[in-house]
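Participant: This is a predicted model, with the sequence first.
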Amino acid sequence: MKALAIRPRQPRTLHLIEHPTPSVADVDEGRGVLVQVLRVGVDGTDKELHSGEYGEAPPGEDVLIPGHESLGVVVEAGPAVPGAISPGQLVVATVRRPGGSIYDQIGLQDLSTDDAYWERGISRLHGFLSEYYVEDHRYLVALPAALNEVGVLLEPMTISEKAVRQAFEIQRRLKVWSPRRALVLGAGAIGLLAALVLRLRGFEVVIAARRAAPYRNSDLVELIGGAYASTEEVSLAALSDDRGPFDLILEAPASVRSRSKRPRSWPRTGSWSCCR
């Protein structure tokens, strides 16, 4: 099969390769699922991989197939795969796989403390920029057909979902917390998805970003019932006085999300704790 690959830590090495087509037998105990790739999202992480800033090929190989945001359709399922994941089913694969820390062992690999981690398309495991991949059914999320156009956004949406869930977990110690207003800093993909998650939870949401409205992203904020403000036109202090006080602030500008700005041992926030 054809796939795109990079040579990790070497800038601008993206190239087309012929790669062995995987088989359901590649996964032990009949849990394998062969998936045909339909869509792959490309984000800032992929840009940094292409620039050679980080990345690690699977053991014994010198190239890495990138791509960690995926949508695919099941082609074949092993004998131990549950009926919910059968041929024709849309699926999204999770990204991080268990390592050696205690968190990995209890199914919280997104909170791993390992410096050497296993992530599809990023570290030690091939990603999804290929015609097919095979995966253990335990790391696949089945989607309804209605999400065919947007299902590839499920992985980035987990970043926002996890942030909100962790905020509620932290505040739970206070016994009483009834948040109503939220501020999201940044109107990129993560910021917009965060606003959507918060609106679904009933929050009044304001997104603050540099660019002046109107443009597509500010229009999307208003379509979901949120408010948009340009930091070129209003300060955060004034915004708080006008729209706040804010019970929850979620920071999502690109410079904060950049993986190269944080230690490798930090947990990857988009690794699906919300989908377990």
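Facilitator: Sure thing, it's come through.
Participant: ok, which stretches of the stretch 51-200 of the chain are helices?
Facilitator: Here the stretch 51-200 of the chain has its helices, by DSSP state H, counting those that start in this stretch, at 102-105, 154-171, 189-200.
Participant: got these as a markdown table, with distance to residue 88 columns?
Facilitator: C-beta here means a position set from N, CA and C on the backbone, and glycine is covered the same way. Listed next are the helices of the stretch 51-200 of the chain as a markdown table, based on distance: least, Cβ to Cβ, whole Å:
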| stretch | distance to residue 88 |
| --- | --- |
| helix 102-105 | 32 |
| helix 154-171 | 19 |
| helix 189-200 | 27 |
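Participant: Find the one among those with the highest mean neighbour count.
Facilitator: Of the helices of the stretch 51-200 of the chain, the one with the most neighbours on average (mean count of other Cβ atoms under 10 Å) is helix 189-200, at a mean of 22.
Participant: With mean pLDDT and distance to residue 114 as extra columns, can I get the helices of the stretch 51-200 of the chain in CSV?
Facilitator: What follows is these, written out as CSV (pLDDT from 0 to 100; distance: least, Cβ to Cβ, whole Å):
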stretch, mean pLDDT, distance to residue 114
helix 102-105, 93, 7
helix 154-171, 93, 18
helix 189-200, 95, 24
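Participant: Out of those, which is closest to residue 143?
Facilitator: Evaluated over these, closeness to residue 143 peaks at helix 154-171, with 7.2 Å, by Cβ to Cβ.
Participant: what helices or strands is that closest one leaning on?
Facilitator: The contact analysis (3 or more Cβ pairs under 8 Å, 6 or more residues apart in numbering; DSSP states H and E) places helix 154-171 against strand 69-77, helix 189-200, strand 248-251.
Participant: So for residue 119, which of those sits nearest?
Facilitator: Residue 119 sits nearest to strand 69-77 of all the helices and strands packed on helix 154-171, at 12.1 Å, using Cβ to Cβ.
Participant: Could you point out which residue ranges in the stretch 51-200 of the chain have low pLDDT?
Facilitator: Nowhere does the stretch 51-200 of the chain drop to pLDDT under 70.
Participant: Mark out where each domain of the chain begins and ends.
Facilitator: Annotated domains of the chain cover 2-149, 158-257 [automatic domain parsing].
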